[in-house]
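1. Just need the structure, nothing else, for what follows:
(one chain, ligands or ions: 1)
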Amino acid sequence: MTRKVLVCPVCKSTDVELDTGGVSGKYYCKSCGYIGSYVLEMTEGEYEEMLKMEEVEKRHDEKE
Ligand SMILES: [Zn+2]
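-> Model (predicted):
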């Protein structure tokens, strides 16, 4: 079974959890304080892929 992770759309942290009690149905990012009903849900493999892609993009930016 593949584990799914919740990812903050703002800071890309996986330190995301359902807001306390789940009353609002919103998610809370402990890393940047983001609160919203929208978070990214992906497998751990997909998450690692995304981090790799971002690193490549950053390196590309530094060159310019
Ligand atoms: Zn965040």
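2. what about the strands in this structure?
-> Under the criterion DSSP state E, the chain contains strands at 4-7, 16-18, 27-29, 35-36, 40-43.
3. Could you single out the most deeply buried of these?
-> Of those, the one with the most neighbours on average (mean count of other C-beta atoms under 10 Å) is strand 27-29, at a mean of 20. Any C-beta I mention is one placed from the backbone N, CA and C, and that applies to glycine too.
4. Just the residues contacting that one, thanks.
-> By C-beta atoms under 8 Å, 6 or more residues apart in numbering, the surrounding residues in contact with strand 27-29 are 6, 8, 10-11, 13, 15-20, 34-39.
5. okay, now the residue nearest to Tyr38 when sequence neighbours are not counted: neighbour count?
-> Among residues not flanking Tyr38 along the chain, Pro9 sits closest, at 6.2 Å (C-beta to C-beta, 6 or more residues apart in numbering). For Pro9, the neighbour count with other C-beta atoms under 10 Å is 13.
6. Relative to Glu62, how far out is Pro9?
-> 24 Å (C-beta to C-beta, to the nearest Å).
7. With Val5 instead?
-> Distance, Val5 to Glu62, by C-beta to C-beta: 28 Å.
8. Please apply the same query to Ile35.
-> 32 Å.
9. ok, now Gly36?
-> Counting by C-beta to C-beta, the gap from Gly36 to Glu62 is 30 Å.
10. Within reach of the ion, which of the contacts of strand 27-29 are there?
-> Contacts with the ion within the contacts of strand 27-29, counted by C-beta under 5 Å from the ion: Cys8, Val10, Cys11, Ser13, Tyr34.
11. most neighbours, which of these?
-> Highest neighbour count within the ones next to the ion among the contacts of strand 27-29: Cys8, with 22 neighbours (other C-beta under 10 Å).
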